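# Pasting the sequence and the predicted model now:
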Amino acid sequence: MNTPQPPNRPTILFVGTSLTAGLGLQPDQAFPALIEHIADSVGTPITAVNAGVSGETTAGALQRIDWVLKTPATILVLETGANDALRGLPVEAAKANIEAIIDRIKQTQPNTRIVLVQIEAPPNLGAAYDKAFHTMYPAIAQAKGATLIPFLLDSVYGRPQLNQDDGVHPNAEGERIVASNVWRGLQPILQSLPKTH
């Protein structure tokens, strides 16, 4: 976790589930590593730290956030909730957990910019659950002053050619689209950081 940080190179800490960890892929194919390459290629080099854990719920993320925050970060990207939705766990509990995670980040690293990634529930849970889950993320982002990134799997979800055989996790091609989705939200934040020399 304690990745050496080159001088003046922001650290982006990616906290998430198997979607962040890159389940079924090589580490350099997971979207955090791809974003590091993209940032380098456009002249805004970063250090990406992948703290994704497969199968983790929002409750699990809350339990380990203090350990994760031992790594100082310029930006923290929080991707959580997918496993809550897969299990049909209560939206209110997920919301409380995510809010508590953001509160811990602010307490521990008050200068860290927080980015929340929109996750959508699978359609089999019904329209009411879907809507509650969808609206949870913008509500949290607004209440907690986090930057919201649109749906992580936009243009990838439900497309067999872009996913692994489980139909849930992107393949290498799909992961490149995921990286692009996240980068669109991260790039303006990186460009707004104070320049240090």
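Happy to help now that I have it.

# so where's the chain uncertain?
Within the chain, the ranges that satisfy pLDDT under 70 run 1-7, 196-197.

# rerun that using 50 as the cut-off
4-6, 197 (pLDDT under 50).

# Need the residues that contact the lengthiest helix in it.
Criterion DSSP state H: the longest helix present in the chain is helix 172-192. Residues outside helix 172-192 that contact it (CB atoms under 8 Å, 6 or more residues apart in numbering) are 10, 12, 19, 22, 25, 29-31, 34-35, 38-39, 42, 44, 46, 75, 77, 113, 115, 117, 147-156, 159, 161-163, 170. Glycine gets a C-beta too; all of them are placed from N, C-alpha and C.

# same thing with stretch 45-55?
By CB under 8 Å, 6+ apart, stretch 45-55 touches 1, 3-6, 9-23, 27, 30, 32-33, 35-36, 39-40, 60-61, 64, 68, 71, 73-74, 79, 83, 190.

# Return the set of buried residues in that stretch.
By neighbour count on 16 or more other CB atoms under 10 Å, the buried set for stretch 45-55 is I46, T47, A48, V49, N50, A51, G52, V53.

# Which ones among the contacts of stretch 45-55 map onto helices?
Short answer: the contacts of stretch 45-55 in helices (DSSP H) are 18-21, 32-33, 35-36, 39-40, 60-61, 64, 68, 83, 190.
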